[in-house]
Structures are given as structure tokens and as C-alpha cells.
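1. okay, sequence plus prediction incoming.
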Amino acid sequence: MIVSVVFPEHLVLPYQHNNVTFNFAAIEPVRPFLMRYQYKLVGYEDGWSPLTTQTSATFDNIYEGKYTFQLKAESPDGIWSAPIIYTFKVLPPWWRTWWMYTIYVFLFLSFIVSFIKWRERKLKKEKTILEEIVNDRTKEVTKQKELVEDKNKEIIDSINYALRLQQAILPSNEHVYDCFPQSFVLFKPKDIVSGDFYFLSKKEEIVFLAAADCTGHGVPGAFMSMLGYERLNDSIQQSSETSEILSLLNKGIKKSLHQSAHETSTRDGMDIAFCSFDFKNNILKYAGAHRPLWIIRKNSSEIEEIKATKKAIGGLTEDDQIFESHTIKCNKGDTFYIFTDGYVDQFGGKKNKKLMTKKFKSMLLEIRDKSMKEQNNYLTDFILKWKAETEQIDDILVIGIRM
């Protein structure tokens with residue numbers, strides 16, 4: 001049995017001619033019609049074709065590449081021939097050739113480079129525009145900052161001038177020590193100027209002393225304190241009795257601020273502890289509006305508290321309000337304290353809570369044997385350590401007098 005196939009040598013097919021038909025035949029002189037064949041095209045399909053008596057094989061749409069056609073025949077007696085092998089090649093289309101892929105890569109890289117350069121130019125342009133905008137805004141902000149700083153300086157200068165005016169009306173340390181050699185005034189405004197003020201005046205043989213807490217703090221409080229100071233000074237010119245002086249002060253504040261029971265009327269006013277000292281007879285007279293008088297007698301371990309009338313000066317207080325007066329016999333070595341609420345209301349400590357009146361009393365009892373200068377230093381150092389980084393919430397005023 002002979003299988004006959006005629007193949008062109010080194011066949012190379014262009015991609016557009018990639019349909020191939022193989023015709024073959026086996027030489028069997030007696031029974032050629034009983035010959036059966038099997039074939040396969042390696043690279044196109046994996047397995048052998050089914051047994052067939054057809055003497056041709058067609059392969060359509062062959063992809064580019066190298067292929068091997070294999071053919072074998074079976075005789076009517078079941079004898080197989082040796083496989084015939086033929087190799088050929090199909091070229092790729094022009095758009096899938098290596099040189100086109102090279103062009104593709106070149107074009108792709110060119111596109112990437114062009115895009116990067118375009119993006120860089122765009123970013124540079126945007127950066128330039130942004131820098132111009134930033135420069136314009138910076139100039140504007142700088143200009144606004146300079147205006148704010150100028151305005152702020154004007155305001156600070158005005159407040160500092162108000163401070164000089166306030167300090168001018170407050171008693172000097174020399175005046176305080178001249179009237180009370182053993183004394184201290186702990187005065188710490190929350191802001192530059194204060195809504196708290198202390199008052200000292202001498203009328204004949206009587207020395208008047210007050211610690212007052214006006215509504216608010218800072219500039220508004222300072223206005224009230226200066227008004228309160230002047231009205232208190234006017235009241236002392238009219239009377240020497242502590243109770244009557246506070247009544248006159250109440251009327252004076254309400255009149256100056258045009259206060260009435262009408263709901264549109266202002267409610268500003270002050271709390272005050274007011275004392276008069278008669279050194280000739282060792283008599284202290286006290287009247288208060290919400291602010292008490294504390295006394296530590298010589299060799300005593302307790303604080304004697306003289307409570308104030310529970311009415312403020314000004315605001316909703318009636319025009320004819322009477323403030324209770326107290327007369328206290330003084331002895332040498334007795335110590336008196338009047339103060340506003342700023343010290344005891346200051347937040348601080350480990351738990352960031354208010355100092356409170358109870359602790360303040362305990363502190364004064366602990367330092368009762370110290371000199372008044374030492375007490376001032378102790379109380380000043382303590383409140384600074386107590387509040388630490390906490391903001392001061394109110395003006396602080398504490399006055400101590402030892403007879």
C-alpha cells in the first residue's frame with residue numbers, strides 16, 4: 001500500500017490565501033475504495049480526524065504561523081501506513097507583522113511622551129495661574145492683616161489709655177498703706193481694664209474702704225467701675241453712714257443709667273462690700289450688697305462672717321432699698337477681708353473646678369499668722385498655680401486689713 005501526496009516545497013502562504021485543501025490517495029490495486037484515512041493539522045487542531053474514505057481535507061481561516069499536516073491510511077486488511085508529514089507557513093496580515101508592532105510601540109510611546117509633555121505644560125500654566133492668584137490673595141490678606149493690626153493697635157492703645165484713666169482714679173498703694181499700714185490689695189483684672197474696683201477715701205476722722213464688682217469685665221466693666229467710683233464718691237460727700245451711702249449709690253447708679261422697671265431698661269449694676277473705719281474709737285461699720293465682710297479675730301481659729309444685704313446696687317433694685325449696716329468693735333490684731341467673687345469662682349486644680357468659698361476660708365485661716373505682705377504673696381502665687389493654663393474667668397479683687 002502506497003500513499004501518494006504531491007506537495008510544493010517550502011510553501012509560504014500570504015494571509016489572504018489562508019484556506020488550504022489537501023488532496024491525497026493511496027495505491028491499492030484491488031480494493032482502493034475500501035481505503036480509510038486519518039489526518040491532522042498540527043497547530044490548527046490537536047487530535048486526528050475521524051476515519052474517512054474521503055481523499056481530501058480542507059482547513060479554513062488558518063491563523064498566521066507554522067503548521068504541520070500529517071496523513072496516514074488504513075488498508076482493507078487493517079494495516080496502517082507510516083504518516084506522511086508536510087510543513088508549511090502562513091504569513092500574518094500586515095497589521096500584525098513585527099514591523100507594524102514596532103510602529104505601534106513607537107506610536108504608543110510617542111503618545112505617552114506627548115501626553116506627559118502636554119500635561120507638564122498644562123500643569124506649569126496652572127501653577128503659574130495659581131501662583132498669581134495666591135500672590136494676589138496674599139497681598140490682599142497682608143493688606144487686610146495690616147489694617148486689622150492697625151485697628152487692633154488703635155483699640156489696644158485706647159484700652160491702655162482707659163487703663164491709665166482707671167488707674168488714675170484708683171487709690172495708690174502709698175495711699176492705702178498710709179491709711180492701713182498692715183494691709184494688701186490683690187487686684188488682677190481679667191483683661192487690660194477691670195470691672196472690679198477698690199475705693200479708699202478719708203473724711204475727717206473716718207476712712208472709707210470698698211471692694212466692688214461691676215457688671216461685666218473688660219471695657220464695659222471698666223465704664224461701670226468708673227461710673228460706680230464717681231457715684232460712690234458723690235454719696236460719701238452727702239453722708240458718713242455706710243447704709244445711707246449705699247442707698248445713695250443705688251439711686252445714683254439708677255439715675256445715671258436711666259434705669260426703671262421698664263423691660264427695655266438696662267440691668268447693669270454692682271455688688272459691693274463697703275466699710276468705714278473710725279480709728280479713734282476702734283469702730284468698723286459695714287454695709288454690703290451681695291458681698292460679705294470676713295473677720296479673723298486675733299488668736300482666733302474661726303472666720304466671723306458678716307453677711308450682706310441680698311440686693312445689688314442698680315439694676316432691678318428699688319430706688320428706696322435700704323442696705324443693712326453693721327457696727328463692729330475692733331481690736332488690735334484683728335484682720336478684715338472684703339473681696340469680689342473672682343477669686344473663689346476661678347476654675348483650676350486637678351479636676352478643673354471652682355475654688356469655692358469653703359476652700360478660700362480654709363486658706364485664710366491657714367495663713368492668718370502671716371504678715372499681710374506674706375498673705376498677699378501667698379494668695380497671688382496660689383491663684384496662679386491653681387488656674388495654671390486655665391483662662392481667668394473674671395476680675396479678681398481681695399483686700400486684707402489688719403488693725
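-> That came through, no problem. Numbers count the residues shown, from 1 in each chain.

2. what helix or strand does Glu120 sit in?
-> Secondary-structure assignment from DSSP states H and E places Glu120 in helix 98-169.

3. C-terminal to that helix, what's the next element?
-> Past helix 98-169, further along toward the C-terminus, the next helix or strand under DSSP H and E is helix 173-179.

4. send the alpha carbons of that next one over as CSV?
-> Taking C-alpha atoms only, helix 173-179 is exported to CSV below (Å, rounded to 0.1, in the frame of the first residue of the first chain):
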residue,chain,number,x,y,z
ASN,A,173,-0.5,101.8,97.1
GLU,A,174,1.0,104.7,99.1
HIS,A,175,-2.5,106.0,100.0
VAL,A,176,-3.6,102.5,101.0
TYR,A,177,-0.5,101.9,103.2
ASP,A,178,-0.8,105.4,104.7
CYS,A,179,-4.3,104.6,105.9
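
5. what helices or strands is it leaning on?
-> Judged by 3 or more Cβ pairs under 8 Å, 6 or more residues apart in numbering; DSSP states H and E, helix 173-179 is in contact with strand 183-188, strand 196-203. C-beta coordinates here come from the backbone N, C-alpha and C atoms, glycine included.

6. summarise which helices and strands the helix holding Glu120 is packed against.
-> In terms of contacts (3+ Cβ pairs under 8 Å, 6+ apart), helix 98-169 is packed against helix 218-238.

7. re the thing from before, which one of the helices and strands packed on helix 173-179 lies closest to Ala273?
-> If you check each of the helices and strands packed on helix 173-179 against Ala273 by Cβ to Cβ, strand 196-203 wins as the nearest, at 10.0 Å.

8. tell me what angle the closest one forms with helix 218-238.
-> When axes from the mean of the first three to the mean of the last three Cα atoms, to 10 degrees is applied, the directions of strand 196-203 and helix 218-238 differ by 20 degrees.

9. buried set for strand 196-203?
-> Asp196, Phe197, Tyr198, Phe199, Leu200, Ser201 (16 or more other Cβ atoms under 10 Å).

10. ok, the residues you listed vs Ser172, which is closest?
-> Leu200 (9.1 Å).

11. beta-bridge partners for the closest one, please?
-> With DSSP bridges applied, Leu200 shows beta-bridge pairing to Leu209.

12. would you mind measuring from it to Cys275?
-> Shown here: Leu200 relative to Cys275, a distance of 10 Å by Cβ to Cβ, to the nearest Å.

13. hang on, the earlier thing: could you check the angle the helix holding Glu120 makes with helix 218-238?
-> Orientation note: helix 98-169 sits at an angle of 10 degrees relative to helix 218-238 (the same axes, to 10 degrees).

14. one step back: now for Leu200 and Cys275: what residues contact both?
-> Shared contacts of Leu200 and Cys275, defined by Cβ atoms under 8 Å, 6 or more residues apart in numbering, are found at Phe208, Leu209, Ala210.

15. which residues are in contact with stretch 19-27?
-> By Cβ under 8 Å, 6+ apart, the list of residues contacting stretch 19-27 from outside reads 1-5, 13, 32, 35, 37, 39, 55-62, 69, 71, 73, 75, 81, 84, 86, 88.

16. of the residues you listed, which belong to strands?
-> Applying DSSP state E to those, the entries found in strands are 2-4, 13, 37, 39, 56-59, 69, 71, 73, 84, 86, 88.

17. out of the residues you listed, which two sit at the greatest distance?
-> The most widely separated members of those, counting by Cβ to Cβ, are Ile2 and Leu13 (27.6 Å).

18. turn the helices and strands packed on helix 173-179 into CSV, including distance to Thr266 and mean pLDDT.
-> Putting these into CSV (distance: least, Cβ to Cβ, whole Å; pLDDT from 0 to 100) gives the following:
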stretch, distance to Thr266, mean pLDDT
strand 183-188, 26, 95
strand 196-203, 19, 92
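
19. returning to what we had before: neighbour count: Ile2 and Leu13, which is higher?
-> Just comparing Ile2 and Leu13: by other Cβ atoms under 10 Å the higher neighbour count belongs to Leu13, 16 against 9.

20. what is the burial count for the closest residue to Ser239 other than its chain neighbours?
-> Leaving aside its sequence neighbours, Ser239 sits nearest to Ile245 (Cβ to Cβ, 6 or more residues apart in numbering; 5.3 Å). Neighbouring residues of Ile245 were enumerated by other Cβ under 10 Å; the total is 25.

21. how about Ile253?
-> Other residues within reach of Ile253 by the criterion other Cβ under 10 Å amount to 25.

22. surely it touches Thr266?
-> No - counting by Cβ atoms under 8 Å, Ile253 stays clear of Thr266, with 10.1 Å between them.

23. now for the two: what residues contact both?
-> Gln259.

24. in this structure Ile206 contacts Asn281, no?
-> No - proximity of Ile206 to Asn281 does not meet the contact threshold set by Cβ under 8 Å, at 10.3 Å.

25. and stretch 381-398, what's buried?
-> Neighbour-count burial for stretch 381-398 flags Phe382, Ile383, Lys387, Gln392, Asp394, Asp395, Ile396, Leu397, Val398 (criterion: 16+ other Cβ under 10 Å).

26. which ones among those lie within strands?
-> Mapping the buried residues of stretch 381-398 onto strands (DSSP E) picks out Ile396, Leu397, Val398.

27. now flag whichever of the residues you listed is closest to Gln238.
-> Using Cβ to Cβ, Leu397 is the member of those that lies nearest Gln238, at 25.3 Å.

28. bridging residues for the closest one?
-> According to DSSP bridges, the partner residues bridging Leu397 are Phe187.

29. list the contacts of it.
-> Applying Cβ under 8 Å, 6+ apart as the definition, the contact partners of Leu397 turn out to be 185-188, 194, 196-198, 211, 213, 339-340, 342-343.

30. buried ones among those residues?
-> 185-188, 194, 196-198, 211, 213, 339-340, 342-343.

31. identify the residues contacting Lys311.
-> Ala289, His290, Thr317, Gln321, Phe323.
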